[in-house]
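Colleague: the following block contains a protein sequence and its predicted model.
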Amino acid sequence: MPSLGADMEAGTLVEWLKAPGDTITRGDIIAVIETQKGAIEIEVFEDGELTALLVEPGMKVPVGTPIAVINGEPEPAAEASSAAPSSTEPSVEPSPVPVSRAPSKPDVRLARTQARISPAARRIAAEQGIDLTGMTGTGPEGAVISADVPSHAPTHSRGLDLVEMRKAIAAAMARSKREIPHYYLSHTIDLTHAQIWLEQTNAERRPAERLLMGALFLKASALAVAERPGFNGFYTEDRFQPSDAVHTGVAVSIRGGGLVSPALRDANILSLTDLMAKMRDLVNRARKGQLRSSELTDATVTISSLGERGVEQLYGVIYPPQVALIGFGAVIQKPMVIEGTVLPRSTVAITLAADHRVSDGQAGARLLNDINKLLQRPETL
Amino acid sequence: MTELSYRDAVRQALIDALNADERVFLMGEDVGSYGGCYAVSKGLLEEFGPERIRDTPLSESGFTGAGIGAALGGLRPIVEIMTVNFSLLALDQIMNNAATIRHMSGGQFNVPLVIRMATGAGRQLAAQHSHSLEGWYAHIPGIKVLAPATIDDAYGMLGAALADPDPVLIFENVMLYNRAGTRSDTTVDITSAAVRRAGKDITLITYGGSLWKTLEAAEVLASEGIDAEVIDLRVLRPLDDATILGSVANTRRAVIIDEGWRSGSLAAEISARIMESVFWELDAPVGRVCTAEVPIPYPKHLEDAALPQVPGIVAAAKATFGTTK
């Protein structure tokens, strides 16, 4: 069971998309698992033959549990790591997941903090892909019974559970603020030229191919961090591991509340047109709860843009184990002094939240200046 | 339809059976001159004569065995045993002969025998006349075990039992004999359980003398917003799984009310079947209301305290809902 984020402790296998004996190649989607962030498609990182499936659909297992064997005899430890090579999360201590319990052992039962779930509620929840963890029910001694299972739940297990997503955000952000010594920088830049360039470019494009300012922000940020590795990579096991590739986590707000930041891979080398297409696809799938496993784990730095929400500055909380978050406020008309004259200009405040264990303010300031320079020459992006 | 008692219904069934088939005869302790210890066969000796209404010595094993022999010989005997406690003297005949001969003869000989007996407590007859051991008989393959609780069943089950080619035991709860009602003309089967009250929130499963207490408890529950379904087992062997389990699957809760003792009881068997078949439909553990595990006491207040009663049934039903109802 791969870790799909700092906050993930266990996942429920929803379905297998491959069977034993199938030949698989790197990148194939072999299974769907249910996490707090919704149903996620699991990709494989090896070529070979799927030899055995170790986890049945419906089973919830801790992160690190072998779920399948590729090429040969079961070797649980090796298989587990090969199934999730991109996981940077130190393996969460496997805790037994209370999938079932023996009612004949009241002492064991009392030690649990989770409410009881009736057999009927358990079956209905499993069929509908609903996680009842943490629910308090109306049955005997607070047991969750069939009538307590939310009726608005999706009939299929794919999709988003906003309550669970909020829990996941809470866990990740609390960990970030507990462990990461953040420092913050802000820099307001002139965006007038970029805006004019964008309008001219879009005038020649069909609506479906038009670029958004967010794509420029993403590309400029990706190019900048590619040159300054102290902001691109993971902090794990008490040391920083810089990343050569730049996979920008794109913060996507979910209607109804919630946030997810899937990775847009190699953002620094994609053309603006490709980048824009991938952004649209990613936002679309994130809001439907159809992200892939690598998209939840691969981001090396997060870019968050508030768009037209109208506030000037965004101070982010770093998504562990990343070490930086670059924020863009709303584009606002402001008076600026240009060659001795006060002029109305389009401006944007770029902010940086960075991990002080890895970088210092001086380096952060250079990063923001680099992004500014790149945005002044949008034609080169 | 005129008003009649459960006792009248059984007597009418006997009369009709004796009239319908000359192979039918009744024998047992005090069934003739005395008219039956519960007055079920009163007047039958005068009407049908000593050939067909036969008083027997106090020898349950002997006259039950004679009944088996008569059945094998082509007659249709109805053996009355005064109470289920006394039937233990005939247990060897019932279990080792009546229940096995068809099997051991390779299907050559059926035993078309009907045994009626009184069961249950509540008449201050103390520990040797008050027990409910029908659950024991329901353990035995080769016989059918019936527990009529209504006027219709008291009348109709006897004829159905006589028509059955194999041994049938009929348990008449002593508290039902004076119960009055009217008889309908509906045909009675000896294969199915009956839903005596439809409901959607909980299934109360019972039989015999406890049926009426359970129906009363269901009304109490209804006044508190719990809509109980009441199932009358009617046939204790073989159990009608489809009716029982179907109801529990709908209501997701079950309480079994059984005048037998709890340990190793019919209630235990039903509870196990619910677990085996509809565990994943349940919203609460199965509850049981059984007789206290003591010899049935003689004093009225202690006898009442030992038996399933309405408040206990209500409490057990409510326990399956927790605190919200």
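Modeller: That came in fine, so what should we check first? Numbering: from 1, shown residues only, chains lettered A, B, ... in the order given.

Colleague: residues of the stretch 201-325 of chain B that sit close to chain A?
Modeller: B:252, B:279-285, B:319-322, B:324 (CB under 8 Å from any CB of the partner chain). The way it works is simple: take the backbone N, C-alpha and C, and place the C-beta from them, glycine included.

Colleague: filter those down to just the ones in helices.
Modeller: B:Ala319 (DSSP state H).

Colleague: if any of the residues of the stretch 201-325 of chain B next to chain A are buried, give me the ChimeraX selection for them.
Modeller: Command for ChimeraX that selects the buried part of these, burial taken from 16 or more other CB atoms under 10 Å in any protein chain shown:
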select /B:252,281,282,283,284,285,320,321,322
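
Colleague: what's the closest of the residues of the stretch 201-325 of chain B next to chain A to A:Ala365?
Modeller: B:Thr324 (60.2 Å; CB to CB).

Colleague: helices or strands up against the host helix or strand of A:Ala170?
Modeller: Counting by DSSP states H and E, the element that carries A:Ala170 is helix A:162-179. Under the contact definition 3 or more CB pairs under 8 Å, 6 or more residues apart in numbering or on different chains; DSSP states H and E, helix A:162-179 sits against strand A:259-260.

Colleague: in the stretch 201-325 of chain B, which spans are strands?
Modeller: B:202-206, B:228-232, B:235-237, B:254-261, B:287-291 (DSSP state E, counting those that start in this stretch).

Colleague: roughly how far is the top strand by length along chain A from the heart of the chain?
Modeller: Ranked by number of residues, the top strand in chain A under DSSP state E is strand A:341-355. Averaged C-alpha coordinates place strand A:341-355 at 27 Å from its chain's average position (CA atoms, centre = their mean, to the nearest Å).

Colleague: the helix or strand that it is followed by vs strand A:341-355, what angle?
Modeller: Downstream of strand A:341-355, the first helix or strand assigned by DSSP H and E is helix A:361-376. Put simply, helix A:361-376 runs at 130 degrees to strand A:341-355, going by axes from the mean of the first three to the mean of the last three CA atoms, to 10 degrees.

Colleague: buried ones in helix A:361-376, by neighbour count?
Modeller: So helix A:361-376, judged by 16+ other CB under 10 Å, has buried residues A:364, A:367-368, A:370-372, A:374-376.

Colleague: and what of stretch B:210-226?
Modeller: B:210-215, B:217-218, B:220-221, B:226.

Colleague: dump these to CSV, plus distance to B:Arg197 and pLDDT.
Modeller: Converted to CSV, the buried residues of stretch B:210-226 look like this (distance: CB to CB, whole Å; pLDDT from 0 to 100):
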residue, distance to B:Arg197, pLDDT
B:Ser210, 14, 98
B:Leu211, 10, 98
B:Trp212, 11, 98
B:Lys213, 13, 98
B:Thr214, 9, 98
B:Leu215, 6, 98
B:Ala217, 10, 98
B:Ala218, 5, 98
B:Val220, 12, 97
B:Leu221, 10, 97
B:Ile226, 12, 96
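
Colleague: now A:Glu199: which helix or strand?
Modeller: Short version, using DSSP H and E: A:Glu199 is in helix A:192-203.

Colleague: which residues are in contact with that helix?
Modeller: A:210-211, A:213, A:216, A:331, A:345-346, A:375-376, A:378-379 (CB atoms under 8 Å, 6 or more residues apart in numbering or on different chains).

Colleague: ok, and what's touching the next helix or strand after it?
Modeller: Counting by DSSP H and E, the next helix or strand C-terminal to helix A:192-203 is helix A:213-227. Residues outside helix A:213-227 that contact it (CB under 8 Å, 6+ apart): A:191, A:194-195, A:198, A:231-232, A:246, A:248, A:250, A:264, A:267-268, A:270, A:272, A:275-276, A:279, A:300-301, A:303, A:305, A:307, A:324, A:326, A:328, A:331, A:348, A:367, A:370-371, A:374-375, A:378, A:381.

Colleague: identify the residues contacting the residue nearest the centre of chain B.
Modeller: In chain B, the centroid-proximal residue (CA atoms, centre = their mean) is B:Ala147; its distance is 2.0 Å. By CB under 8 Å, 6+ apart, the contact list for B:Ala147 reads B:134, B:170-171, B:173, B:207-208, B:233-236.
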